[in-house]
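# Here you go, sequence then predicted model.
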Amino acid sequence: AQSVTQPDIHITVSEGASLELRCNYSYGATPYLFWYVQSPGQGLQLLLKYFSGDTLVQGIKGFEAEFKRSQSSFNLRKPSVHWSDAAEYFCAVGASPSGGYQKVTFGTGTKLQVIP
Amino acid sequence: DGGITQSPKYLFRKEGQNVTLSCEQNLNHDAMYWYRQDPGQGLRLIYYSQIVNDFQKGDIAEGYSVSREKKESFPLTVTSAQKNPTAFYLCASNPGQGVFFGNQPQHFGDGTRLSIL
């Protein structure tokens, strides 16, 4: 069974500073990987996804993520954080096809606080 | 604009009462999902539906029920058997076309927060 670990429950960065949110997954084959963002009291919005190909994936709002198979990681990065980036971020992994529904497993989330 | 509408935004349940959360989508998606979100636990799958008149249990289906009579609608009932219903409930959908639909990005509604009176 697949699993996702987001080791940082809470991260605080200064506005304008760079950001990296960590995500480690466990799955035997090539995973399907996602990053979602959630503002308080709202649903999740897709930031970016990785299915195959180029391991550096560009997303919306200036975010990018890099798939590293050797480290089983899919870390999210942003070169310069804006105050509006304060939210909770979820990494998710979908299993490769084995017939029927392919379960998507979400991490427990990382809350990002941005200070002026 | 297409999207997912969840209602109500806030809901209160009395002891022994069943309550129903609404989820409607106009994205023409085949697959729909219900998740429960608790602080520090991420999202846990309650039920999902791949097509009209068909649905499957997720990881935490006990105490919940669903129906899928129309493509656009996937209501969730929290029954009195669910002893700890206080949570944020999220409905999601994706196109669901083909075998690998679980790997397609999901579109989410804005959630319903359920509390016990």
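Yep, it's here.
# Show the pLDDT at the residue nearest to A:I60 when sequence neighbours are not counted.
Nearest residue to A:I60, sequence neighbours excluded (CB to CB, 6 or more residues apart in numbering or on different chains): A:L47, at 5.9 Å. The way it works is simple: take the backbone N, C-alpha and C, and place the C-beta from them, glycine included. Predicted confidence (pLDDT) for A:L47: 96.
# Without its sequence neighbours, what residue ends up closest to the residue positioned nearest the centre of chain B?
Centroid-nearest residue in chain B: B:W34, 2.5 Å away (criterion: CA atoms, centre = their mean). Nearest residue to B:W34, sequence neighbours excluded (CB to CB, 6+ apart): B:I46, at 4.3 Å.
# okay, now that neighbour: neighbour count?
26 (other CB atoms under 10 Å in any protein chain shown).
# Tell me which other helices or strands the strand or helix carrying it touches.
Per DSSP states H and E, B:I46 falls inside strand B:43-51. With contacts taken as 3 or more CB pairs under 8 Å, 6 or more residues apart in numbering or on different chains; DSSP states H and E, strand B:43-51 sits against strand B:31-37, strand B:54-57, strand B:64-66.
# which residues in chain B form strands?
B:4-7, B:10-13, B:19-25, B:31-37, B:43-51, B:54-57, B:64-66, B:76-78, B:87-94, B:107-108, B:112-116 (DSSP state E).
# So which residues on chain B come close to chain A?
B:4, B:6, B:40-43, B:45, B:48, B:50, B:56, B:90, B:92, B:99-103, B:105-111, B:113 (CB under 8 Å from any CB of the partner chain).
# If any of those residues are buried, put those into a PyMOL selection.
Applying 16 or more other CB atoms under 10 Å in any protein chain shown to the residues of chain B next to chain A, the buried members can be selected in PyMOL as follows:
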select buried, chain B and resi 4+6+42+43+45+48+50+90+92+100+101+102+103+105+106+107+108+109+110+111
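# list the contacts for the spatially closest residue to A:A86 that is not a sequence neighbour?
Spatial nearest neighbour of A:A86, chain neighbours left out: A:V114 (4.5 Å); criterion: CB to CB, 6+ apart. The contact partners of A:V114, taken as CB atoms under 8 Å, 6 or more residues apart in numbering or on different chains, are A:12-15, A:81-83, A:85-86.
# repeat for A:R22
So A:R22 contacts A:6-8, A:73, A:75, A:110 (CB under 8 Å, 6+ apart).
# Contact partners for residue 5?
Using chain A. Per CB under 8 Å, 6+ apart, neighbours of A:T5: A:23-26, A:107.
# think we crossed wires, I meant chain B
Per CB under 8 Å, 6+ apart, neighbours of B:T5: B:22-25, B:109.
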